[in-house]
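**Student:** need coordinates for the following:
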Amino acid sequence: MEREEKERYILDMEISDREKQERYEAMKKIRDEVINLKESPLYISRVKPVIGEGSHFSKIIFIGEAPGKNEAETGRPFCGAAGKVLDELLESAGIKRDEIYITNIVKDRPPNNRDPLPEEIKLYAPFLDRQVEIIRPEVIATLGRYSMVYIMERYGLSEMVEPISKARGKIYETSMPYGIVKIVPLYHPAVAVYNRTMIKILKEDFKVLRELI
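**Tutor:** Numbers count the residues shown, from 1 in each chain. As a prediction, the model looks like this:
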């Protein structure tokens, strides 16, 4: 058995069936609540909500801003053009998508892919907070300026917020009830959809994640 497979096997053995079930049920409750969130202004135009996907025991959570058209049609995060870029970036850093957790702050698509409004972020953010509490990641990678600002302000780093062009690829530390968590702001993968020359910069930033996990 190769070392990587052996380490994963040991980790799986250490996670009890009860703990797996508890996290699954907690995530299911979030899903059900979002599905029934009729007070959301985005509910009217909803196709499918996008809750998130991946391992409930991941060491790292990737957090975007809001779903796009493809995401809203499938119910899966980052499955369109930006998702293909994200897959390329993960591969470049040696990170397997099925071993991480990916979600957004806002769980429904804003019309015409516009930026999420402050009131929308305020409405959906508590669901994200609960997802973080359930998974207890060691690293939170924010994708885009909206998720960067929210996460840094939410976890006591308000005074350190700066433009994403300066913050991207840096490592910030914050204290959670279960331990120290590293926050790494990153450009949203969509920037490389619109400007392919940015892919080199994004890959350089993703190297930081490889070193952390």
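**Student:** mind naming the longest strand for the protein?
**Tutor:** Looking across the chain with DSSP state E, the single longest strand is strand 179-186.
**Student:** CA atoms only for it - export them in CSV, please.
**Tutor:** What follows is strand 179-186, C-alpha atoms only, in CSV (Å, rounded to 0.1, in the frame of the first residue of the first chain):
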residue,chain,number,x,y,z
GLY,A,179,-7.7,25.3,17.1
ILE,A,180,-5.7,27.6,14.8
VAL,A,181,-7.1,28.1,11.3
LYS,A,182,-5.1,29.5,8.3
ILE,A,183,-7.0,31.8,5.9
VAL,A,184,-5.7,32.2,2.4
PRO,A,185,-7.3,34.7,0.1
LEU,A,186,-7.2,33.8,-3.6
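**Student:** that strand pairs with which strands, and in what direction?
**Tutor:** With DSSP bridges as the test, strand 179-186 is paired with strand 139-143 (parallel), strand 172-176 (antiparallel).
**Student:** highest mean neighbour count out of those strands?
**Tutor:** Across these, the average number of neighbours (mean count of other C-beta atoms under 10 Å) peaks for strand 139-143, which reaches a mean of 25. C-beta here means a position set from N, CA and C on the backbone, and glycine is covered the same way.
**Student:** tell me how far it lies from the chain's centre.
**Tutor:** Strand 139-143 sits 6 Å away from the centroid of its parent chain (C-alpha atoms, centre = their mean, to the nearest Å).
**Student:** please state the mean pLDDT value computed over that strand.
**Tutor:** Across strand 139-143, the average pLDDT comes to 98.
**Student:** quick revisit: following the longest strand of the chain, which helix or strand comes up?
**Tutor:** Going down the chain from strand 179-186, the next helix or strand is helix 191-194, by DSSP states H and E.
**Student:** now that following helix: buried residues?
**Tutor:** 191-193 (16 or more other C-beta atoms under 10 Å).
**Student:** what stretches of the chain score poorly on pLDDT?
**Tutor:** Within the chain, the segments meeting pLDDT under 70 span 1-14.
**Student:** please enumerate the strands of it.
**Tutor:** Under DSSP E, the chain gives strands at 53-54, 60-64, 101-104, 139-143, 172-176, 179-186.
**Student:** tell me which residues are up against the fifth one.
**Tutor:** It stands for strand 172-176. Under the contact criterion C-beta atoms under 8 Å, 6 or more residues apart in numbering, strand 172-176 has outside partners 136, 152, 155-157, 160, 180-185.
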